[in-house]
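Chemist: Provide a 3D model corresponding to the input given below.
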Amino acid sequence: MASNQTMVREFILMGFPVGPDMRMFLFGLFSVLCIFTLMGNGVILGLICLETRLHTPMYFFLSHLALVDISYACNTVPQMLANLLDPVKPISYTGCITQTSLFLTFAHKECLLLVVMSYDRYVAICLPLRYTVIMSWKVCIILALISWALGFFLALAHLILLLPLPFCGPQKINHFFCEILAILKLACADTHINEILVLSGAAFVLVGPFSSIVISYMRIIWAVLHIQSREGRQKAFSTCSSHLCVVGFFYGTAIIMYVGPEHGNHKEQQKYLLLFHSLFNPMLNPLIYSLRNNEVKGTLKRVLGKDRPS
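Modeler: Residues are numbered from 1 along each chain as shown. This next block holds a predicted model:
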């Protein structure tokens, strides 16, 4: 690299190529969605903390999912809103790399957490008599810590390979946040190893875990179909359907973006798909769990004082 080349120390996020009026509309829309995301997941966290009947492994993992969703919103949405108000406002190199690392940490954590939640449902339905032994609090805490640690170290591996890359050319990132593939396209060096790590990491936290979830639910469905009572089958399906909806939304968008054979093409479509993945998913998760879960709805009614005995 020539010594007189100027290294890029800040980037400009291209965001959404729309006019001023549409930018203001998107600013209002995304602000409302972000508020709903924070409020919805905050309510889930509050209910689980306040209600002793929700102090079970399933809701323990659900509280971690709510915490990850809040972190998602706080990591990507503020910068996106700032760019909608001022499209040419730059983000520093340090801020951009930090945002990338945090996003990868939370994404990996949620992938692994959804696997742990599916294992919890498998034990609860297929091995109910051994549930309290297998899913003890010690085991739950260890599983949660492992998912956080793996998420952090996987993101750290990307960071270690990303930091040495020089950025000396264009500084415009064709995205609404510092997404790793969009950043790699601006590097003034060979990024082949980085791209291989992205693909292999996605395969490790997406394809493998998703396959294990599918296998778990095949066994769960088989076990549920053999439950004699209709009420038992309905209760089993109700506790699993919420998790399946979340898994479908999260893994569906993530696999299309990072594992599909054309993950480097169709930039605009993938940008909007990632918007759904990082903004709409965290907002929908508390709605899915509250609307399809009688225990959560019952707890919310009691907390609001609407379920007092006559």
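
Chemist: can you show me the strands along this structure?
Modeler: Along the chain, the stretches classed as strands by DSSP state E are 10-13, 91-92, 172-173.

Chemist: just name the most buried of those.
Modeler: Comparing those by mean neighbour count (mean count of other CB atoms under 10 Å), strand 10-13 comes out on top with a mean of 19. C-betas here are computed from N, CA, C, even on glycine.

Chemist: from the chain's centroid, how far away is it?
Modeler: From the chain centre to the centre of strand 10-13 is a distance of 24 Å (CA atoms, centre = their mean, to the nearest Å).

Chemist: got a list of contacts for that strand?
Modeler: For strand 10-13, contacts defined as CB atoms under 8 Å, 6 or more residues apart in numbering pick out 79-80, 83, 88-93, 96, 171-173, 175-178, 183, 186.

Chemist: dump the strands of the chain to CSV, plus mean pLDDT and distance to Phe276.
Modeler: Output for these, formatted as CSV (pLDDT from 0 to 100; distance: least, CB to CB, whole Å):
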stretch, mean pLDDT, distance to Phe276
strand 10-13, 86, 18
strand 91-92, 88, 22
strand 172-173, 85, 19
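
Chemist: ok, which of those comes nearest Ile215?
Modeler: strand 172-173 (38.3 Å; CB to CB).

Chemist: give the other helices and strands that the closest one contacts.
Modeler: strand 10-13 (3 or more CB pairs under 8 Å, 6 or more residues apart in numbering; DSSP states H and E).

Chemist: just checking: what are the partner strands of the strand it packs on?
Modeler: Partner strands and pairing direction for strand 10-13 (DSSP bridges) are strand 91-92 (antiparallel), strand 172-173 (parallel).

Chemist: and those strands: which comes nearest His108?
Modeler: Across the strands paired with strand 10-13, closest to His108 is strand 172-173 (CB to CB), at 21.4 Å.

Chemist: among the contacts of strand 10-13, which ones are in helices?
Modeler: Gln79, Met80, Asn83, Tyr93, Cys96, Ile183 (DSSP state H).

Chemist: Ile160: neighbour count?
Modeler: 10 (other CB atoms under 10 Å).
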